[in-house]
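Engineer: my questions concern the predicted model and sequence given below.
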Amino acid sequence: MSLPRLLGALGSLAVVALLSGCQAASAPPPSATLLHRTAPALGPTSTATRLSYASGTSTTPTPSLAPVPTPSDRDWQRGPASAAVTLVAYMDFQCVPCNAAARAMAHTFHRHPDQVRQVYRPFPLSRVEDKADLAAEIAEAAGRQGAFWPMHDLLVDQYDEWRALEPDAFLAWSVQAAQSLGLDPTAFQQAIGDPALANQIAERYSESQASGIPGAPFVLLNGRPFILASDEIQLESAVRLGILQGQQFGTYPQIDLQPGSNYLATLQTNLGEIQIQLYAGTAPLAVNSFIQLAQQGWYTSTGAYQVVPDQWVGLGDPSWTGLGDAGYHYPLETDQTRNFDRAGMVGVIPTGPEINGSRFFVGLTPLPEYDETHTVLGRLTQGLDIFSSLSARSPLDDLLTKPELIIQSIEIESR
């Protein structure tokens, strides 16, 4: 399948492309255009008057949904308020999808404690779950002793131990759990029996309904509904891209190439030294972008996020998802004198038809089918053996595993 057709297929199946990373084995991975499904109606809605068909006169305005509140001291939250990504979760502890989502969020938070803020809001599904209200009260009762998040994580991690218990047995289980966390068991049980605590949960539930929250689990990522399934890989991918967004550049960098100069990039990696002869004469925009990003540390600590053995290796994405870039784009550059006629040619991964970005790839074999659709950034003068030795890797399937090759630094020489 040609790359333009592959881009079209990815566009029509955006969710599948985003989550599975399925791509043709012979093509450098493009960045799929993400499609947005219509989000649930949240916050203020139209209050326009309606006409009465009987009289032709205006009737009472349609009530507006209440705004979705921003995180505040009323919420249980962990992580810095200045975090790049804030996850606001409306949760029931007992429902199976809620547990999966809560587990994914807890793991994601613990991977990025300085860059993610996790916010919990109770949304007990008491009409369908026999311990929904009790579980919410257990977490809140622990919170009165400063242990909301330890109890939250314990309820999530030990879900299989208590989910099938009768309510009375679950209450007894929770007292033992509280003791294991070092809490005062008497104060803990008194808090669970406090009507004020139950009323507090009911009030927050009513507020959530007034804001149009459709159910649980329901997650907002930086204020926008997270519409994909909240499993660990999908959530981790979205969080990494959210973190990366705060590091992106707004515009293409100023041209800083010296006429007639030859540029050599030396990449120090955990597997050895790699050198790339950059083709500034035929791809000045791509080379200038690469040099500027390298000098600003954009590629430092990035890895070989995708490896298709005997075909190509994808690099240059700090998120390791295969979807992250520097935030600006520039025109495709091709030249008949430069092509992918041998192993070791380095190309730019396009972000769309005729548009380049910051990710790049190393060909492990001739790729002549991309001579007119991909910019030739340069060629390897050292290190092809390193790339050829890498094991297969899918950017999302292997997202939680550190790439085999990591770029530690890049030095640019002008000759």
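Structural biologist: Structure's in. What do you need?

Engineer: name the element the residue positioned nearest the centre of the chain belongs to?
Structural biologist: Nearest to the mean C-alpha position of the chain, by CA atoms, centre = their mean, lies Ala238 at 1.6 Å. Per DSSP states H and E, Ala238 falls inside helix 232-245.

Engineer: which residues outside that helix are in contact with it?
Structural biologist: 18-19, 84-85, 87, 101, 103-105, 107-108, 111-112, 115-116, 219, 221-222, 226, 228, 318-321, 323-324, 327, 396-397, 399-400 (CB atoms under 8 Å, 6 or more residues apart in numbering). To be clear about C-beta, it is placed using only N, CA and C from the backbone, and glycine gets the same treatment.

Engineer: equivalent analysis for stretch 170-178, please.
Structural biologist: 131, 134-135, 138, 141-142, 147, 151, 154-155, 158, 161-162, 165, 185, 188-189, 192.

Engineer: tell me the buried residues in that stretch?
Structural biologist: Residues of stretch 170-178 classed as buried under the neighbour-count rule (16 or more other CB atoms under 10 Å) are 170-171, 174-175, 177-178.

Engineer: orientation of the helix or strand hosting Ala104 relative to helix 232-245 in degrees?
Structural biologist: Assigned by DSSP H and E, Ala104 belongs to helix 96-111. Here the directions of helix 96-111 and helix 232-245 differ by 40 degrees (axes from the mean of the first three to the mean of the last three CA atoms, to 10 degrees).

Engineer: what does helix 96-111 rub up against?
Structural biologist: 78-79, 87, 89, 91-93, 116, 118, 125, 152-153, 156-157, 159, 163, 216-217, 219, 230-232, 234-236, 239.

Engineer: count the neighbours of Ser180 for me.
Structural biologist: Ser180: 10 surrounding residues under other CB atoms under 10 Å.

Engineer: just the pLDDT for it.
Structural biologist: pLDDT recorded at Ser180 is 97.

Engineer: for Tyr305, see how far away it is.
Structural biologist: Going from Ser180 to Tyr305 by CB to CB, to the nearest Å gives 40 Å.

Engineer: measure the residue nearest to the centre of the chain to Asp317 for me?
Structural biologist: 15 Å.

Engineer: what do you get for Gly212?
Structural biologist: Taken as CB to CB, the span from Gly212 to Asp317 is 35 Å.

Engineer: same question for Gly363.
Structural biologist: For Gly363, the distance to Asp317 - CB to CB - is 17 Å.

Engineer: repeat for Leu267
Structural biologist: From Leu267 to Asp317 the distance is 15 Å (CB to CB).

Engineer: tell me which of those two has more neighbours.
Structural biologist: Asp317 (31 against 22).

Engineer: wait, a helix at that one?
Structural biologist: No - the assignment for Asp317 is coil, going by DSSP: H, G, I helix; E, B strand; the rest coil, so no helix is present there.

Engineer: residue contacts, it?
Structural biologist: Counting by CB under 8 Å, 6+ apart, Asp317 has contacts 302, 305, 323-325, 358-359, 395.

Engineer: now, which of the residues you listed sits nearest Phe340?
Structural biologist: Arg359 (16.1 Å; CB to CB).

Engineer: for the helix or strand that contains that closest one, enumerate the helices and strands it packs against.
Structural biologist: Taking DSSP H and E as the criterion, Arg359 maps to strand 355-363. Where contact means 3 or more CB pairs under 8 Å, 6 or more residues apart in numbering; DSSP states H and E, strand 355-363 is packed against helix 284-295, strand 312-315, strand 330-331, strand 345-352.
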